[in-house]
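*Asks:* Sequence unavailable; structure follows:
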Ligand SMILES: N[C@@H](CCC(=O)N[C@@H](CS)C(=O)NCC(=O)O)C(=O)O
């Protein structure tokens, strides 16, 4: 299998964590044409986005669809809960991440790159972020992961994004308050112990020039 990805992309990280959890061998080729906007990359993946999985002549984009494909392709360890309602709730959590939280974080990331930060926009984006995190905090009961002992797709969706949320809010002079999100913080403590996430986080930090010097194996 091949995965087109970027090391600092939260959507790509979901898939990389899953590949490691399932120990599926994968290669990470360079983006053809050296840009996601290139004709060569669009010929493979018309959305031009990452991640994009290539399994032989089968090409798939959209991280949640790729995640479910991998879960069907390599069923063990399963990364969806067993019960019908729990599976639906896992997908709900992933969608809240993909549709609301991740785009808000991308917008905040963009703000932090500007020469001077537009404080009104920053405040608005932080408010949105906290509103979405409130929704998640309300809906979860980690033990230690979202659906018990089995680390799943929805956990993989949130790992890098929660790390970004902590760092990006700090860059804007704010914070994700532990007292407001105790369940998310306890979940994140557990997620940070997964070798898969340690590895993906390390790659992201290196790509962002934040090399911690700790080589992570997974
Ligand atoms: N809904 C897509 C979103 C993927 C996405 O937005 N990827 C970002 C990187 S994190 C990207 O490729 N951005 C480039 C662009 O928007 O042109 C998914 O779940 O895979």
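*Replies:* Done, it's in. Predicted model, so just to flag it, every value in this text is computed and none were measured.
*Asks:* Now the element after the helix ranked longest in the chain, going C-ward?
*Replies:* In the chain, with assignment by DSSP state H, the single longest helix is helix 119-139. Counting by DSSP states H and E, the next helix or strand C-terminal to helix 119-139 is helix 153-171.
*Asks:* wait, does that next one make contact with the ligand?
*Replies:* No: figure legend: helix 153-171 not in contact with the ligand (CB under 6 Å from any ligand atom); closest approach 9.0 Å. To be clear about C-beta, it is placed using only N, CA and C from the backbone, and glycine gets the same treatment.
*Asks:* can you list the domains in this structure?
*Replies:* Per automatic domain parsing, the structural domains of the chain span 2-73, 84-207.
*Asks:* need the ones you listed in JSON lines with mean neighbour count, can you?
*Replies:* Formatted as JSON lines, the domains of the chain follow (neighbours: other CB atoms under 10 Å):
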{"stretch": "domain 2-73", "mean neighbour count": "17"}
{"stretch": "domain 84-207", "mean neighbour count": "17"}
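*Asks:* Can you name the residues that contact the closest residue in space to residue 162 that isn't next to it in sequence?
*Replies:* Leaving aside its sequence neighbours, residue 162 sits nearest to residue 188 (CB to CB, 6 or more residues apart in numbering; 5.1 Å). By CB atoms under 8 Å, 6 or more residues apart in numbering, residue 188 lies in contact with 159, 162-163.
*Asks:* Would you mind measuring from residue 188 to the ligand?
*Replies:* Residue 188 is 20 Å from the ligand, where distance means CB to the nearest ligand atom, to the nearest Å.
*Asks:* immediately after the strand or helix carrying that residue, which helix or strand?
*Replies:* Using DSSP H and E, residue 188 falls within helix 182-191. Per DSSP H and E, the first helix or strand lying C-terminal to helix 182-191 is helix 195-207.
*Asks:* got the angle between that following helix and helix 153-171?
*Replies:* Interaxial angle, helix 195-207 versus helix 153-171 (axes from the mean of the first three to the mean of the last three CA atoms, to 10 degrees): 40 degrees.
*Asks:* right, is helix 195-207 up against the ligand?
*Replies:* No: on the criterion CB under 6 Å from any ligand atom, helix 195-207 is out of touch with the ligand, staying 11.0 Å away.
*Asks:* quick check: mean pLDDT across that helix?
*Replies:* In this model, helix 195-207 has a mean pLDDT of 97.
*Asks:* what do you get for stretch 90-108?
*Replies:* Mean predicted confidence for stretch 90-108 is 98.
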